[in-house]
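Participant: here you go, sequence then predicted model.
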Amino acid sequence: MFAKKAQAISPSPTLAIDAKAKQMKSEGIDIIGFGAGEPDFETPEHIKAAAIAAIEAGFTRYTPVAGMLDVRAAICEKLKRDNNLAYQETEIVVSNGAKHALTNAFAALLNPGDEVIIPAPFWVSYPEIVKLNDGVPVIVPTAAANDFKITVEDLQNAFTERTKVILLNSPNNPTGQIYTRQELQAIADFALQHNLYIVSDEIYEQLVYDQYQHVSIAALNPEIKARTIVVNGVSKTYAMTGWRIGFTASTAELAKIMSSVQSHTASNANSIAQKASIAALLGPQDCVVKMKAAFAKRRDYMVKKIATIDGLSCIEPKGAFYIFVDVSKLFGRKFNGQAINSSDDFASLLLEHAQVAVVPGTGFGAPDYIRLSYALALEQAKEGLERIEEFIGKLEN
Ligand code: PMP
Ligand code: GLU
């Protein structure tokens, strides 16, 4: 009998769809992939150059577990510059991507049975990471009418004596919604009143559009900062998903615990990627501006087009690179006699018959929706939405 805990974990559906779309493409199938959870851009040249220089300079050995000092200093500088957060190097742990940083965070915070409030829709890995660390995910649905954001009333209803952590993700994957300073303030007050911790996943912080602004909950006041683990990384901002660099910012006490855990599970994050991350965080930021402008253009096109397609609707995303589309009006309709009763049915028929990959909302705790990533070329997005429109046009009532 293998480990019950590990066997209860489902594989990441976002990675699975992405792998399937990439495989179909490599087989020569003309597929449009809206599944990607990664920027389609190349890592900027100056970052690649820093990695090559790091190899040549011999940064090819173990580093301190929590990351090289200059890397942690660069992260502190970034947190100050972008988030108005003052951290010391001893409060930073560099890890193998933000996913690993989240794993460290929950390993450090949770005792068996501790409850973690996870607002739904949520990124697919949160409940699984909590379970792997013996916690209990408490999934709290949010209202589309409130832009899928959790309110203090929702928190009050979900709160029990076992509640330990509130997980926040703003800008949000999959909805693209962003919490305002006032909303975060209310959540922070609730957390402080009940001695809760916050894990704040801010991986999409640089990808915010129009007048919207990212605010880190930890920046609201020193009390909430002391109870927050900020999670971030270079994957999304700098098109560095494969480099695997994420980090946490927390109290030194929590950083020490996370570093001890990481010392036995992974040691340091890749030394070369660490050095490249300094170039990413402190180098020229115009690459970010350029990528963001391209994302914004695609978002604008897609949101407008979706509104014209029969049976589809969405709330305009304010950040990240996903559009969360309500497909429930299509439920009960049929394609070639096959009924569509869920977003899973819709996604699999779409992949098979229209060669378009989307991620069904089930894994995000929102089965009426599909997630479309706009990390693909505008031309591809246009073609993909036309295929979706054509496919829906063929559905029987
Ligand atoms: N958090 C969210 C919300 C994400 O979408 C992702 C995407 N993979 C991650 C964390 C993990 O990022 P990384 O690739 O740095 O592990
Ligand atoms: N976070 C991305 C996504 O949601 C990448 C895949 C993953 O890490 O799950 O698609």
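Facilitator: Nice, I can see it. Ligands and ions are numbered 1, 2, ... in the order given.

Participant: so what's the closest residue to residue 336 other than its chain neighbours scoring on pLDDT?
Facilitator: Using Cβ to Cβ, 6 or more residues apart in numbering and skipping residues adjacent in sequence, the residue nearest residue 336 is residue 353, 7.7 Å away. (C-beta placed from N, C-alpha, C; glycine too.) Residue 353 is assigned 94 on the pLDDT scale.

Participant: residue 14 too?
Facilitator: As predicted, residue 14 sits at a pLDDT of 82.

Participant: same thing with residue 20?
Facilitator: If you check residue 20, the pLDDT there is 82.

Participant: and residue 307, by the same measure?
Facilitator: At residue 307, the predicted lDDT confidence score is 97.

Participant: could you do residue 189 as well?
Facilitator: The predicted local confidence for residue 189 comes out at a pLDDT of 98.

Participant: excluding sequence neighbours, find me the nearest residue to it.
Facilitator: Once chain neighbours are set aside, the closest to residue 189 by Cβ to Cβ, 6+ apart is residue 152, at 7.8 Å.

Participant: do residue 389 as well
Facilitator: The shortest distance from residue 389 to any non-neighbouring residue, by Cβ to Cβ, 6+ apart, is to residue 309 (4.9 Å).

Participant: that neighbour and residue 361, how far apart?
Facilitator: 17 Å (Cβ to Cβ, to the nearest Å).

Participant: and for residue 56?
Facilitator: From residue 56 over to residue 361 the distance is 46 Å, taken as Cβ to Cβ.

Participant: so which residues on the stretch 101-250 of the chain come close to ligand 1?
Facilitator: Listed as neighbours of ligand 1 in the stretch 101-250 of the chain under the rule Cβ under 6 Å from any ligand atom: 123, 169, 173, 201, 203, 233, 235, 241, 246.

Participant: which one (most neighbours) among those?
Facilitator: Neighbour counts for these (other Cβ atoms under 10 Å) peak at residue 233, which has 30 neighbours.

Participant: show me what it bridges to in the sheet.
Facilitator: Beta-bridge pairing of residue 233 under DSSP bridges involves residue 246.

Participant: who touches it in this structure?
Facilitator: Taking Cβ atoms under 8 Å, 6 or more residues apart in numbering as the definition of contact, the neighbours of residue 233 are 97, 98, 101, 203, 245, 246, 247.

Participant: quick one: the first one and residue 235 touch, right?
Facilitator: Right, residue 97. Yes - here residue 97 lies in contact with residue 235, judged by Cβ atoms under 8 Å, at a distance of 6.2 Å.

Participant: mind listing the shared neighbours of the two?
Facilitator: Contacts common to residue 97 and residue 235, judged by Cβ under 8 Å, 6+ apart, are 244, 245, 246.
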